[in-house]
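K.L.:
using only what follows, build the 3D model:
(2 chains)
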Amino acid sequence: MMIELQNVSKTYLGRGGDVRALDDVNLSVARGEFVVIRGPSGSGKSTLLLTIGGLVRPTRGKVVVAGRDLYEMSGGERAAFRAENVGFVFQMFHLLPYLDVLENVLVPTIPGARRSAHKEATDILQRLQMTERLYHRPSQLSTGERQRVALARALLNRPSLVLADEPTGNLDPENGAEVLEHLSDFRKAGGTVLLVTHDESAEEYAGRVVLLHRGRIRLPEENRRKPPTP
Amino acid sequence: MGKMPMLRQATTESFSCSSLRLCAFALPSFSLVLARSSVPAPDGGVTLSSILLGVAPFQWHAGPLSCVWCEPCIGDEPITPLQGFCILPRDISPGRCPGLKYCALSGLKIAFGSPCKGRLNKAQGSALRKGPGSRMMSPERARYVRHDSKDSSSPVRMARRFLLFVKVSVGMGSRFRHGLGPRTVPPLKWSHINIIMGIRNVFGYTYDESVYRLQRGRGMSMLRLLFKEMAHRKLNFLLGLVSVVAAVALFVAVLTMSNASERETVQLMRDLGFNVLIVPKNTNMTDFWSEDFATEEMSEDYVHKLANSGIITIRHLVATLQKKITLSNQKVLLTGVLPETPVRGKEKKPDMGYSIPRGKVYVGFELARVLKLNEGDTITLLGKDFVVERCLQETGSKDDIRIYGDLHDVQEVLGKPGKINAIEALRCLCQGAQLGNVRETIAEVLPETNVTERGSIAVARAETRKMVEKYAAFIIPTVFLVSAVWVGLLSLSNVRERRQEIGILRALGFGSGRIASLFLGKAVLLGLIGAAIGFAVGTGLALQFGPEIFRVTAGKIEPVFRLLGWSAVGAPAICALASYLPAIVAVTQDPAVTLMEE
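P.N.:
From the prediction side, this is the model:
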């Protein structure tokens, strides 16, 4: 299993009252799966994604990714694990405005610099048809291009898992489809994709759709499509 | 050799850099030439390696020109190393010339210059272009430059060339920044050319290796991230920098001036002579001032006791025994002087008093004139003969009727062995010494004495200096504190501004240490840059205004380089300390909150 959540709950404490973002979630995702998580706003999708990414410690439960219990690790170990195994794609791209495209893609290599990073980055960007924009700042790019850069950044360290939070949320259908296509390619190459979205078209690429409502999985293990090819 | 053969040779031989030496190329009407260091400028041009990052050799052609093959732009066509040169006239748009980059990467020559002033006719040009091994070029794209023998080494010409270089470089950078350069290669900047050429020169790598090194240079590192961020948020950085520069400049200027002030005070005090007088306790000071010597006596041991007492506020201790005697019906002040007694624990300085050999005397000006004494004469003092060692200059004081001798000689002739009646000293204003009440200090060591301090401008000045130092001791830390708070606030603002960035860096695998180092590293860089600029500014101020304030030692005011060391350590440390809390805020920030923000 790539991801295994056991009785995971997350409660945000606040002055206006506690908010239960995840409520006793159990979820298993096999390696090479493309799983779409859908649900209304505030259903806990992003919290679930960040919990799996090791960025939000659950109030209760166990999160195992690639065979490692994330929250048994120290913060430093978790960061290193994230750098090595997990790629993030966000709706807002979150590119660093002062770096050009190539530098943005190379940022994940800072913690563990390697000699081939530059070539790998240009190769990925070439695959994403961003070669002509290598030295442009994010502000000079279209939203579709920004998302492709974010995707390239997520893929640079060859993660085994990509966590995508509404990656098509700000894109037109054409660009959205392109991003999903790239995620699908990643899955075909053996990676695991967990995608949180409102976009129903994403289900076309998914091997499985999980519905989340008020922090609980309503239709666990529902298969809308054929299982993914290994 | 005529012009044509030389041109032909140049063209055909310019495929390798080394052939340049044979061809004796020179490019006076082309402004600058970047060349490999292994190929000296044909005319022995000046190497200005320090320009351009200090990496690439940069040779300035200042000699006469013979010929050159000019290839201003080769558009989209592939070019081969055969061309050997890529020369850009002034009116070319560098961004449209991929050949320039190619030449740079290939380690070939690059030159900038004015549009060609060819004097060859078309036929000659055509013949030249068709030389063996030469690449065919269309006449309108090939240009030839011929030598005109103007003096190209004049400062005006050199300045023009440098300005041109800057202009072209900036223009080139600008074009590439706007995406007008080659598309699949890094933007052509002078730094790239220099790095590649520098790598080739220094390490002797091949072209491919050099490009690989360049590409590695384009990789990301924390330092690059820091510099990029600082360049992006210039205002934040500049505001911080200004405060650090101000604090360091104040610190450096005050301490440099203080050094000058101290030197001047010491100099003044030395110039004014002994300013502390120690006489036996029961001395009648009225008699003393009228006679200029004490009638009472004390033990000679007092001077040794004082010298060994560890008092650091006085130095140059001179014990004297004086008596009024009559010599050939002339009243004489016979003064026995003990050579300066070294003060324990203090570095020996040049003597301020006399050191007179036994059996010899120094004679005051008036006495020597009246008694017609010359150096080498012998005089008899109270039955003992002495040789006149020196006749002193006129002083216009009682010293003109003095005869100075060794203390022990004078003690002997006066029949007062082991006795003195005064100790003169210089109140020391050296570093570490406190201007306390010197009388009390000495009285503790020599209770049987009376200490008199002679007032002086120098003492007043020293007091003023101490007062200024007291103020500075308050103001400098205050300025540093304000600066630190300011840097801290700017850092905090930076953290708040970069919340999302922190979140995404967390997601990308940055641990707490790396997140903290984003801010602490920036603070350290800010401190280092601020220290360097602040030292320059502070020293500049001190050198500018110091000589006007300290006229005596004006020429001795100089940069205090140890302050640069202190600044380079202190400023980054203070900046890092100031950014510590913001760094903690950054580290403890919940990435989930910012990443879920829309």
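K.L.:
heading C-terminal from the helix or strand where B:T335 lies, find the next helix or strand.
P.N.:
Taking DSSP states H and E as the criterion, B:T335 maps to strand B:330-337. Following strand B:330-337 in sequence order, the next helix or strand is strand B:360-363 (DSSP H and E).
K.L.:
are there helices or strands packed against that next one, and which ones?
P.N.:
On a contact count with 3 or more CB pairs under 8 Å, 6 or more residues apart in numbering or on different chains; DSSP states H and E, strand B:360-363 meets strand B:378-381, strand B:384-391, strand B:402-406. Where you see a C-beta, it was placed from the backbone N, CA and C, and this is true even at glycine.
K.L.:
so which of the ones you listed is the most surrounded?
P.N.:
The highest mean neighbour count among these, using mean count of other CB atoms under 10 Å in any protein chain shown, belongs to strand B:402-406: a mean of 25.
K.L.:
list the strands paired with that one, with their directions.
P.N.:
When pairing is defined by DSSP bridges, strand B:402-406 lines up against strand B:330-337 (parallel), strand B:360-363 (antiparallel).
K.L.:
residue of chain A nearest chain B, please.
P.N.:
Here the residue of chain A nearest chain B is A:A83; by CB to the nearest CB that distance is 2.3 Å.
K.L.:
isn't that residue up against A:V107?
P.N.:
No - counting by CB atoms under 8 Å, A:A83 does not reach A:V107; the two are 10.5 Å apart.
K.L.:
joint contacts of those two?
P.N.:
B:L508 (CB atoms under 8 Å, 6 or more residues apart in numbering or on different chains).
K.L.:
one step back: can I get the helices and strands packed on strand B:360-363 in CSV with mean pLDDT?
P.N.:
CSV is the format used below for these (pLDDT from 0 to 100):
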stretch, mean pLDDT
strand B:378-381, 87
strand B:384-391, 89
strand B:402-406, 91
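K.L.:
checking my notes, A:R153 in a helix, right?
P.N.:
Yes - counting by DSSP: H, G, I helix; E, B strand; the rest coil, A:R153 falls inside a helix.
K.L.:
quick check: which element contains the residue nearest to it when sequence neighbours are not counted?
P.N.:
Counting by CB to CB, 6 or more residues apart in numbering or on different chains, A:R153 lies nearest to A:V105, which is 4.8 Å off, once chain neighbours are set aside. Assigned by DSSP H and E, A:V105 belongs to helix A:101-106.
K.L.:
residues in contact with that helix?
P.N.:
Applying CB under 8 Å, 6+ apart, the contact partners of helix A:101-106 are A:95-96, A:117-118, A:121-122, A:124-125, A:130, A:133-138, A:141, A:149, A:152-153, A:156, B:218-220, B:224, B:228.
K.L.:
7 Å instead?
P.N.:
Here helix A:101-106 makes contact (CB atoms under 7 Å, 6 or more residues apart in numbering or on different chains) with A:95-96, A:117-118, A:121-122, A:124-125, A:130, A:133-136, A:138, A:149, A:152-153, A:156, B:218-220.
K.L.:
gap between the residue of the stretch 151-300 of chain B found nearest chain A and B:G310?
P.N.:
Chain A sits closest to B:H232 of the stretch 151-300 of chain B, with a gap of 3.2 Å, by CB to the nearest CB. Computed as CB to CB, to the nearest Å, the B:H232 to B:G310 distance reads 60 Å.
K.L.:
where in the chain is the helix or strand with the lowest mean pLDDT?
P.N.:
Looking at chain A here, since you left the chain open. Ranked by mean pLDDT, DSSP states H and E, the helix or strand of chain A with the weakest confidence is helix A:117-127, at a mean of 84.
K.L.:
other chain: chain B
P.N.:
Ranking chain B's helices and strands by mean pLDDT, DSSP H and E puts helix B:19-23 last, a mean of 24.
K.L.:
where does pLDDT dip in chain B?
P.N.:
Within chain B, the stretches with pLDDT under 70 are B:1-219, B:265-274, B:312-313, B:345-353, B:427-438, B:454-462, B:551-555, B:597-598.
K.L.:
regarding it, what is its longest strand?
P.N.:
strand B:314-327 (DSSP state E).
K.L.:
what's the angle between that strand and strand B:330-337?
P.N.:
150 degrees (axes from the mean of the first three to the mean of the last three CA atoms, to 10 degrees).
K.L.:
packing partners of strand B:314-327?
P.N.:
Here strand B:314-327 touches helix B:301-307, strand B:330-337, helix B:407-414, strand B:419-420, strand B:422-427, going by 3 or more CB pairs under 7 Å, 6 or more residues apart in numbering or on different chains; DSSP states H and E.
K.L.:
make it 8 Å
P.N.:
Packed against strand B:314-327 by the contact rule (3+ CB pairs under 8 Å, 6+ apart) you find helix B:301-307, strand B:330-337, strand B:378-381, helix B:407-414, strand B:419-420, strand B:422-427.
K.L.:
nearest to A:V179, out of these?
P.N.:
The stretch from those with the least distance to A:V179 (CB to CB) is strand B:422-427; that distance is 83.8 Å.
K.L.:
what strands line up against that closest one, and which way round?
P.N.:
Partners of strand B:422-427 in the sheet, by DSSP bridges, are strand B:276-280 (antiparallel), strand B:314-327 (antiparallel).
K.L.:
so what's the residue of chain A closest to chain B up against?
P.N.:
A:A83 neighbours (CB under 8 Å, 6+ apart): A:108, A:111-112, A:157, B:508-510.
K.L.:
if you set the cut-off to 6 Å instead, what comes out?
P.N.:
For A:A83, the contact set (CB atoms under 6 Å, 6 or more residues apart in numbering or on different chains) comprises A:111, B:509.
K.L.:
could you do A:F88 as well?
P.N.:
By CB under 6 Å, 6+ apart, the contact list for A:F88 reads A:154, A:163, B:507.
K.L.:
beta partners of the closest residue in space to the first one that isn't next to it in sequence?
P.N.:
Spatially, and ignoring its direct neighbours in sequence, A:A154 is nearest to A:G87 (3.2 Å; CB to CB, 6+ apart). In this structure, A:G87 has the following beta-bridge partners (DSSP bridges): A:V162.
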